[in-house]
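Chemist: Show me how the following folds:
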Amino acid sequence: KLFVAEIKENGQMNTENISGKLPGSATWSPDGNQIVSESLEFPDKQNPLEAINRIFIADVNGLTVEEPREAFSFSEMVSETRMKWSPNQKSFAFGMRRLGTGGIMITGTDGSDPRFLVAGEDPSWSPDGTKIAFGGGSMRWGLVFNDIGIINTDKSGKRMLDLIDFNPQKPSWSPDGKKI
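Modeler: Next up is the predicted model:
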């Protein structure tokens, strides 16, 4: 079930069950006034490659979640990670899979301007919204290692961090954007 909870100073919580309004996982917008949610549907149960991802956005006012609106849907790919809002709330980044290949996509919050950014997963926006950190795999000594990469949102400046001593996953930026 999906809930919105308000935590009071005394530790008590007011909750509102919003499961009937928003399907799937949910992610808050940076300003806390909207929630994005995804649903994955399989119209043809015999063909799991024929999936449709539907992306919903709902406005939030206190504990009240308004009726969600479908922002966009896509059928050529399946999202692998939750939608990540850009800091300016105009775009989403998400990991996707398409017939065995994967990567990170960026799209407007209305589905406009969808574009493939880079092979990888677990995107994380820089605080200024100009870069994406991501997880990616590489082969070394016949083994697959997880690495962390950084790329500008215009596809330039891709670099992989050489983290040979450990196996990092799911990068996250520091608030000042100087560390991952």
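Chemist: So what's the residue count around Ile132?
Modeler: The number of residues packed near Ile132 is 26, by other C-beta atoms under 10 Å. Every C-beta, even on glycine, is put in place using the N, C-alpha and C of the backbone.
Chemist: for it, helix, strand, or coil?
Modeler: At Ile132 the chain is in strand, as set by DSSP: H, G, I helix; E, B strand; the rest coil.
Chemist: I'd assumed Ser156 was in contact with it.
Modeler: No - using C-beta atoms under 8 Å, Ile132 is not in contact with Ser156, being 11.8 Å away.
Chemist: gap between Trp125 and Ala133?
Modeler: 8 Å (C-beta to C-beta, to the nearest Å).
Chemist: more crowded one of the two?
Modeler: Trp125 (23 against 20).
Chemist: residues in contact with that one?
Modeler: Lys84, Trp85, Ser86, Pro87, Ala93, Lys131, Ile132, Trp173 (C-beta atoms under 8 Å, 6 or more residues apart in numbering).
Chemist: Most neighbours among the residues you listed, which one?
Modeler: Ile132 (26 neighbours).
Chemist: which residues do Trp125 and Ala133 both contact?
Modeler: The contact sets of Trp125 and Ala133 overlap at Trp173 (C-beta under 8 Å, 6+ apart).
Chemist: Pull up the pairing partners for the helix or strand containing Leu40, direction included.
Modeler: If you go by DSSP states H and E, Leu40 is part of strand 34-41. Looking at strand 34-41 with DSSP bridges, its partner strands are strand 26-28 (antiparallel), strand 52-61 (antiparallel).
Chemist: And the shortest one, what's buried?
Modeler: For strand 26-28, the neighbour count (16 or more other C-beta atoms under 10 Å) marks Ala26, Thr27 as buried.
Chemist: Can you pull out the low-pLDDT segments for the protein?
Modeler: Where the chain drops to pLDDT under 70, the residues are 1-2, 17-24, 48-49, 75-81, 97-101, 137-145, 162-168.
Chemist: So which residues of it form helices?
Modeler: For the chain, no helices are identified by DSSP state H.
Chemist: For the most centrally placed residue in it, give its distance to Ala93.
Modeler: By C-alpha atoms, centre = their mean, the chain has its centre lying nearest to Met83, at 2.7 Å. For Met83, the distance to Ala93 equals 8 Å [C-beta to C-beta].
Chemist: same thing with Gly177?
Modeler: Gly177 is 15 Å from Ala93, where distance means C-beta to C-beta.
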